[in-house]
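Asks: need a 3D model of the following:
(one chain, ligands or ions: 1)
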Amino acid sequence: MPWGQVPVLYINGEPLPQTVAICRYLAELYSLKPSTAWRCARADAVAEAVSDITNRAATVRRATDPGVKKVLRAEFLETRLPEFLTQLEEKLNEGQFLCGEQVCWVDIYLATMLEVIGAICRVDDPSAGFPRTAALVSRVRSIPEIAAWIARRPPSIVGEDPPATGAAAEGK
Ligand SMILES: N[C@@H](CCC(=O)N[C@@H](CS)C(=O)NCC(=O)O)C(=O)O
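Replies: You can find the predicted model right below:
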């Protein structure tokens with residue numbers, strides 16, 4: 001598996017790793033790119049911020065010591081995530097989606113990563129208290145094809161603790 005990580009998208013047996021590369025490839029195929037170079041760049045900037053906040057949540061997931069995990073989770077939920085969502089709310093005032101009235105891949109990426117963050121931090125709705133973000137997530141999840149996928153997809157393991165490795169796995 002490339003880089004030893006998931007996700008990997010296989011096309012004709014050829015692997016494409018890295019979430020954002022996969023998203024951008026699918027956006028090209030399914031007309032989910034913003035309509036101008038400027039809008040693409042602005043959406044990319046949001047996507048980078050989404051990746052950053054998701055990586056921070058991943059540090060909460062990876063923490064094995066319960067005390068450390070509790071501190072990291074609290075810091076994330078009380079400081080990092082609200083800071084991110086506050087900035088995001090300011091960018092969501094021009095239309096239904098990030099780039100106006102048309103959904104683009106970054107809307108879908110954002111909605112999905114907020115779901116991942118909710119699962120990692122065990123909160124039902126990470127966008128609670130941030131109405132524009134919550135409305136955007138709801139719009140994305142209501143797109144018929146996406147709603148149909150959500151209804152039939154297999155259960156996610158994202159919220160589960162990762163397997164212990166090294167000394168922790170050996171009970172040391
Ligand atoms: N930059 C990568 C990160 C992927 C990533 O962190 N994947 C995790 C699961 S969510 C993984 O495979 N971890 C196993 C490992 O790193 O050993 C992406 O965005 O796809």
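Asks: quick one, longest helix in the protein?
Replies: Using DSSP state H to define each element, the chain has its longest helix at helix 37-62.
Asks: who are the contact partners of the spatially most central residue of the chain?
Replies: Taking CA atoms, centre = their mean, the centroid of the chain lies closest to M113, which sits 1.3 Å from it. By CB atoms under 8 Å, 6 or more residues apart in numbering, the contact set of M113 is 50-51, 53-54. C-beta here means a position set from N, CA and C on the backbone, and glycine is covered the same way.
Asks: same question, S127
Replies: Neighbour list for S127: 85, 114, 133-134, 137 [criterion: CB under 8 Å, 6+ apart].
Asks: quick one on the thing from earlier: quick check: angle from the very next helix or strand once past the longest helix of the chain to helix 37-62?
Replies: Remark: after helix 37-62, the chain's next helix or strand is helix 66-75, criterion DSSP states H and E. Angle, helix 66-75 to helix 37-62, by axes from the mean of the first three to the mean of the last three CA atoms, to 10 degrees: 150 degrees.
Asks: those residues of the protein touching the ligand, which are they?
Replies: Contact residues, the chain versus the ligand (CB under 6 Å from any ligand atom): 4-7, 18-19.
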